[in-house]
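Asks: Would you be able to build a 3D model of this:
(one chain, ligands or ions: 1)
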Amino acid sequence: MNFEETIKEIYNKIKDIEDNGHSATYIPQLANVSSENFGVYITTTDELGFGLGNCNERFSIQSIAKVLSLCLAYRIVGEKIWDRLGVEPSGSAFNSLVQLETDNGIPRNPFINAGAIVISDILISNLDNPKEDFLAFVRSVSNNTDLNYSSKVADSEKEVGFRNVALCNFIKSFGNIHNDPSDVLDFYFELCSLEMSCKELSEVFLFLANKGRKPIDNTEILTKSQSKRVNALMQTCGFYDESGDFAFKVGLPGKSGVGGGIIAIHPNQYSIAVWSPKLNKKGNSFKGMKFLEEFTTKSELSIF
Ligand SMILES: NC(=O)CC[C@H](N)C(=O)O
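Replies: Model (predicted):
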């Protein structure tokens, strides 16, 4: 791999900059994670990997899991999925309620909480054992049977997730949630609690850099067209109201989570995961964003 030196140089530089972010504490369990953690791992489509820092330590991937739940629902339901949610950037915070009123309970996209809650509802309607089946899907995507939810994080969020409870009930009032809201939220909190290291995260997401197929054995996870569309959504909606900024500065499809993780995809080349828990004002990892900006600038490996 010819960009190891570039990654080392940028990692060492960003490690030492002042971190102006703040760890997410609204989920009490996330407040216990050391904000000093900083890891990065890249996996290329020819399956070479390289990482630095805390790249093998697991963390709560939170909203990054919304891409995986979308992929499973998209596989099952196909294009009909877009009857229940949109594909437009929301331009507002991940947990915002306001647009739902004017949009009649149709979330703007699958990556804001409202959209991921509708996806959770779709999966509950289509899976026999939603939690087990979703976990099996995630494990199969990278042949990693070690991956798991964190019941501590899921329980911690359940205790304080009043805004998500409000979102789910509000959407239900428009008829766009078909199951019992408490079952939908239980599944939603569980999928947000998935834990992975940067290495595992970049390996799980590699199929999105490989036209929807697992590079290891060419198994199809998504069709070529579906994979292209999921990448398009990550590009336009992956960072809430900072999605434009991420496209502008980094130039890759990606997705962030409040655990401080970011995954970014370069179609046909690589997937890269970064983790640093302190978040900027928009809820995205402060150092993670800076690292990726420098990486695509120095390596000239963005999609634009
Ligand atoms: N942006 C995020 O990662 C948010 C996910 C978190 N579980 C929530 O619903 O608030």
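
Asks: Which residues of the stretch 151-300 of the chain lie near the ligand?
Replies: 157, 164, 192, 257-258, 283 (C-beta under 6 Å from any ligand atom). Every C-beta, even on glycine, is put in place using the N, C-alpha and C of the backbone.

Asks: need the residues of the stretch 1-150 of the chain near the ligand, please.
Replies: Near the ligand, when you scan the stretch 1-150 of the chain using C-beta under 6 Å from any ligand atom, you find 62-63, 94-95, 113.

Asks: was I right about Ile76 contacting Asn126?
Replies: Yes - applying C-beta atoms under 8 Å, one finds Ile76 in contact with Asn126, separated by 4.9 Å.

Asks: Against Trp82, how distant is Cys192?
Replies: Cys192 sits at a distance of 23 Å from Trp82 (criterion: C-beta to C-beta, to the nearest Å).

Asks: of these two, who's got more company?
Replies: Ranked by neighbour count (other C-beta atoms under 10 Å), Cys192 and Trp82 place Cys192 first, with 29 against 14.

Asks: OK, contacts around the more buried one?
Replies: The neighbours of Cys192, taking C-beta atoms under 8 Å, 6 or more residues apart in numbering as the test, are 60-63, 65, 153-154, 157, 257.

Asks: Return the subset of those residues lying in helices.
Replies: Using DSSP state H, the subset of those located in helices is 65, 153-154, 157.

Asks: Just the buried residues out of the residues you listed, in ChimeraX syntax.
Replies: Buried residues within those, by 16 or more other C-beta atoms under 10 Å, are selected in ChimeraX with:
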select :65,153,154,157
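
Asks: quick one: which of the ones in helices among the contacts of Cys192 is nearest to Glu47?
Replies: Closest approach to Glu47 among these (C-beta to C-beta): Ala65, at 23.1 Å.

Asks: Touching, that closest one and Met196? I think so.
Replies: No - applying C-beta under 8 Å, one finds Ala65 not in contact with Met196, separated by 9.2 Å.
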